[in-house]
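Undergrad: sequence plus the predicted model coming up.
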Protein chains: 2
Amino acid sequence: MGQQVGSGSLCFAEAPFILASASVVGKKEGEGPLAEKFDCIGEDDKFGQDTWEAAESTLQKEALTLALGKANKKPEDMRYLFAGDLLGQLIASSFGLKTFQIPLFGIYGACSTCGEALALAAMTVAAGYADYVATVTSSHFASAEKQFRFPLGYANQRPVAATWTVTGGGAYIVASESILAKSSGNDAPLAKIAGITTGKIVDFGVKDSMNMGAAMAPAACELIAQHLEDFERKPEDYDAIVTGDLGLVGQEILIKLLRDKDIDISGVHEDCGIKIFDNEAQGTGSGGSGCGCAAATLSAHYLPKLANGEWSRILFVPTGALLSTVSFNEGESVPGIAHGVVIESCKK
Amino acid sequence: MGQQVGSGSLCFAEAPFILASASVVGKKEGEGPLAEKFDCIGEDDKFGQDTWEAAESTLQKEALTLALGKANKKPEDMRYLFAGDLLGQLIASSFGLKTFQIPLFGIYGACSTCGEALALAAMTVAAGYADYVATVTSSHFASAEKQFRFPLGYANQRPVAATWTVTGGGAYIVASESILAKSSGNDAPLAKIAGITTGKIVDFGVKDSMNMGAAMAPAACELIAQHLEDFERKPEDYDAIVTGDLGLVGQEILIKLLRDKDIDISGVHEDCGIKIFDNEAQGTGSGGSGCGCAAATLSAHYLPKLANGEWSRILFVPTGALLSTVSFNEGESVPGIAHGVVIESCKK
């Protein structure tokens, strides 16, 4: 069960555990600063497939297969699956995950989808609706460029404010406290999901589809401020407040916007999009982005810090930019959304 | 709370109530057999906007505003909002619902999204995570044709197996038993959500994007068979088993597929897509389809039968065809998914 906290948050009395996770990334991500930490790095970004979309599907399939393996579970042990990606009609998930035959809730929160998935999985498990739930989210540089910007063959130039969509995905196995208590003890969880804060759509009227950081920073700001208020905490109560893919441009805006609310997160803020690439060396502009950025980086870089007790608590805040080429071409702005997940170490 | 039933179902001990609902449809739907029952019929399908997408957003906004009004609630009374549509990146929902400022979970299940939304809303409320939750789902003929087939200006011909995407949407206010018990008694609910069955992706390899009924019928078949097994019920335990948008072609396939499993639903099967249009007179091929078809028809036609006690229980099974133009053009099949929601009358 969970307790309603403030106006949009939940605190779980019996916090669901993240039993296992896995990250799968593309070649470029595998040449970046986190190279050693990913579970699987594709040799090329096609992942043995003929199309970029099928490649992304394969990446999702690999991530879930790896996470299930680490948890020593089978697909049929998962009662529900929460999954999504950036492609229209979530085709990466539909085609990547259909063979697992797990009851599916398809979700979409743009690049915040990993947070939305973990939030819903935690809600489902904490309510006793399931013992095990899986989540999978992904993005792929080439399928995203094709959909949102230009096919790669055009070789178009990119402004420095642009982020670089991560080819990658992450899968998570969320398990109930009671089922783990019953198990033999071999199932040491990585961390627990202590609470969530669910975001509203925030629209600052940004119309530059090449500057997602600016579009999403206001949503991250609102979410973080709401979360700290709901839980009556300060930024220092977290080892890190980890946004998904604001990049360098978005980070600066976020820190400034929160300062205007008398909240200083500069000492604890990290961003998966900044962590995953060496922007200067890799030419990735403002940083990495996409559902897969936060999903892979949480699994590869942040969860281990909680699992080994180096850190005790993070606020994970993937952010999404809500647009399509249709809305953009019709002159609409790019609203943002963010989903907050409190992840705590099990080592006290 | 809810009890796990069978392999993918939940039965709610304290069944959440559908406190209010609203349907908004376009001109053609307003000329069909259910004309008198819709809450709002647009004068034209633009709903006062310049684009089809903005029209669909407006339709969602109208539906939620009407449902909130009927429930005598304000947007800020809703703790969460589950919403989605058929458009890439859910732009109808993002732009239609942003002004309500309700914490949002974006979801996608193609035309099954209304069922997915009601299932997640019921799970959320039954777990005590919220007193009130809203759901909104929609589709629009013109925005869907533009996205999935051809822009209307092409005036292309359609095979008779094709369904006609409904311009419409439905909004639902789901409330907890405990909050209604506390209220003054003026809040007579329409019905309650007694349980859910969540669907898996079912792929029979159908590759005809003009025959969605055939693509979705296998998913409906699996869902209904699973549901009856999980709940240990027979088709006759329902006043109706109501699919979303199989149309005439899909209905025939569904009934046959279930007969092969020794399940006969021919006496109780109804389909929102068949109900909403007079196919012969309105030239709508196999029937209506789209997220909005099931969402508007449940609100306008089926919930009143449960509210007035004429019926005591239905199984609502919206079905979705998981494809995009990208996956279709790349030669992929059209997998289906279905979400089952048990809706019962409050009048015993």
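TA: Ah, there it is.
Undergrad: every contact and neighbour count from this point should use C-alpha atoms.
TA: Noted.
Undergrad: ok, then the element right after whichever strand or helix holds A:V242?
TA: Assigned by DSSP states H and E, A:V242 belongs to strand A:240-243. Downstream of strand A:240-243, the first helix or strand assigned by DSSP H and E is helix A:247-259.
Undergrad: pLDDT below threshold where in the stretch 1-150 of chain A?
TA: A:1 (pLDDT under 70).
Undergrad: how about the residues of it by chain B?
TA: Residues of the stretch 1-150 of chain A lying close to chain B by C-alpha under 8 Å from any C-alpha of the partner chain are A:1-4, A:7-8, A:10, A:51, A:53, A:79-80, A:86-91, A:94, A:98, A:101-110, A:116, A:123-124, A:127-130.
Undergrad: switch the cut-off to 7 Å
TA: Within reach of chain B by C-alpha under 7 Å from any C-alpha of the partner chain, the stretch 1-150 of chain A has these residues: A:1-4, A:8, A:10, A:79, A:88-89, A:91, A:94, A:98, A:101-109, A:116, A:127, A:129.
Undergrad: residues from the stretch 201-348 of chain A in reach of chain B?
TA: Counting by C-alpha under 7 Å from any C-alpha, the stretch 201-348 of chain A comes close to chain B at A:201, A:322-324, A:327.
Undergrad: recalculate using a threshold of 6 Å.
TA: Among all residues of the stretch 201-348 of chain A, those adjacent to chain B (criterion: C-alpha under 6 Å from any C-alpha of the partner chain) are A:201, A:324.
Undergrad: hmm, A:K46 is touching A:A55, no?
TA: Yes: assessed by C-alpha atoms under 6 Å, A:K46 is found in contact with A:A55 at 5.0 Å.
Undergrad: just checking, what packs against the strand holding A:V242?
TA: If you count contacts as 3 or more C-alpha pairs under 6 Å, 6 or more residues apart in numbering or on different chains; DSSP states H and E, strand A:240-243 packs onto strand A:269-271, strand A:313-317.
Undergrad: highest mean neighbour count out of these?
TA: For those, average neighbour numbers computed from mean count of other C-alpha atoms under 10 Å in any protein chain shown are highest in strand A:313-317, which has a mean of 27.
Undergrad: and the strands in the stretch 51-200 of chain A, which stretches?
TA: Using DSSP state E, counting those that start in this stretch, the strands found in the stretch 51-200 of chain A span residues A:80-84, A:104-106, A:132-139, A:164-165, A:168-175, A:191-198.
Undergrad: now the angle from the fifth one to strand A:191-198?
TA: For strand A:168-175 against strand A:191-198, the angle between stretch directions is 110 degrees (axes from the mean of the first three to the mean of the last three C-alpha atoms, to 10 degrees).
Undergrad: now A:S289, which residues is it bridged with?
TA: A:T165 (DSSP bridges).
Undergrad: quick check: it vs chain B, distance?
TA: 16 Å (C-alpha to the nearest C-alpha, to the nearest Å).
Undergrad: what's the burial count for that residue?
TA: Counted with other C-alpha atoms under 10 Å in any protein chain shown, residues neighbouring A:S289 total 33.
Undergrad: that one against A:T167, yeah?
TA: No: at 9.2 Å, A:S289 does not count as touching A:T167 under the criterion of C-alpha under 6 Å.
Undergrad: thinking again about what came up before, A:K46 and A:A55: which is more packed in?
TA: Taking other C-alpha under 10 Å, A:K46 and A:A55 do not tie; A:A55 has more neighbours (25 against 20).
Undergrad: in this structure that one contacts A:Q49, no?
TA: Yes: using C-alpha under 6 Å, A:A55 is in contact with A:Q49, at 5.4 Å.
Undergrad: so what's A:P159 closest to, chain neighbours aside?
TA: With sequence-adjacent residues excluded and distances taken as C-alpha to C-alpha, 6 or more residues apart in numbering or on different chains, A:P159 is closest to A:M210, at 7.0 Å.
Undergrad: over to the one you found: give its phi and psi.
TA: phi -100, psi 10 (degrees, to the nearest 10).
Undergrad: quick check: the gap between it and chain B.
TA: Taken as C-alpha to the nearest C-alpha, the span from A:M210 to chain B is 17 Å.
Undergrad: same question for A:A71.
TA: A:A71 is 20 Å from chain B, by C-alpha to the nearest C-alpha.
Undergrad: so who does that residue touch?
TA: Applying C-alpha atoms under 6 Å, 6 or more residues apart in numbering or on different chains, we find A:A71 in contact with A:A20.
Undergrad: just A:F105 next, same as before
TA: Contacts of A:F105 by C-alpha under 6 Å, 6+ apart are A:F82.
Undergrad: same thing but at 10 Å, please
TA: Contacts here follow C-alpha atoms under 10 Å, 6 or more residues apart in numbering or on different chains; on that basis A:F105 touches A:80-84, A:117, A:120, A:135, B:107-109, B:113, B:116-117, B:119-120, B:198-200, B:337, B:339.
Undergrad: in ChimeraX, how would I select just the buried ones from those residues?
TA: Buried members of the contacts of A:F105, defined by 16 or more other C-alpha atoms under 10 Å in any protein chain shown, are picked up in ChimeraX with:
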select /A:80,81,82,83,84,117,120,135 /B:107,108,109,113,116,117,119,120,198,199,200,337,339
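Undergrad: which residue is the nearest non-sequential neighbour of the residue in the stretch 151-300 of chain A positioned nearest to chain B?
TA: Of all residues in the stretch 151-300 of chain A, A:K200 sits closest to chain B, at 4.3 Å by C-alpha to the nearest C-alpha. Among residues not flanking A:K200 along the chain, B:P103 sits closest, at 4.3 Å (C-alpha to C-alpha, 6+ apart).
Undergrad: okay, now that neighbour: neighbour count?
TA: Neighbours of B:P103 (other C-alpha under 10 Å): 26.
Undergrad: does it touch A:S9 like I think?
TA: Yes: using C-alpha atoms under 10 Å, B:P103 is in contact with A:S9, at 9.4 Å.
Undergrad: switch the strands of the stretch 51-200 of chain A over to TSV; also include distance to B:P75.
TA: Output for those, formatted as TSV (distance: least, C-alpha to C-alpha, whole Å):
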stretch	distance to B:P75
strand A:80-84	26
strand A:104-106	25
strand A:132-139	30
strand A:164-165	35
strand A:168-175	32
strand A:191-198	15
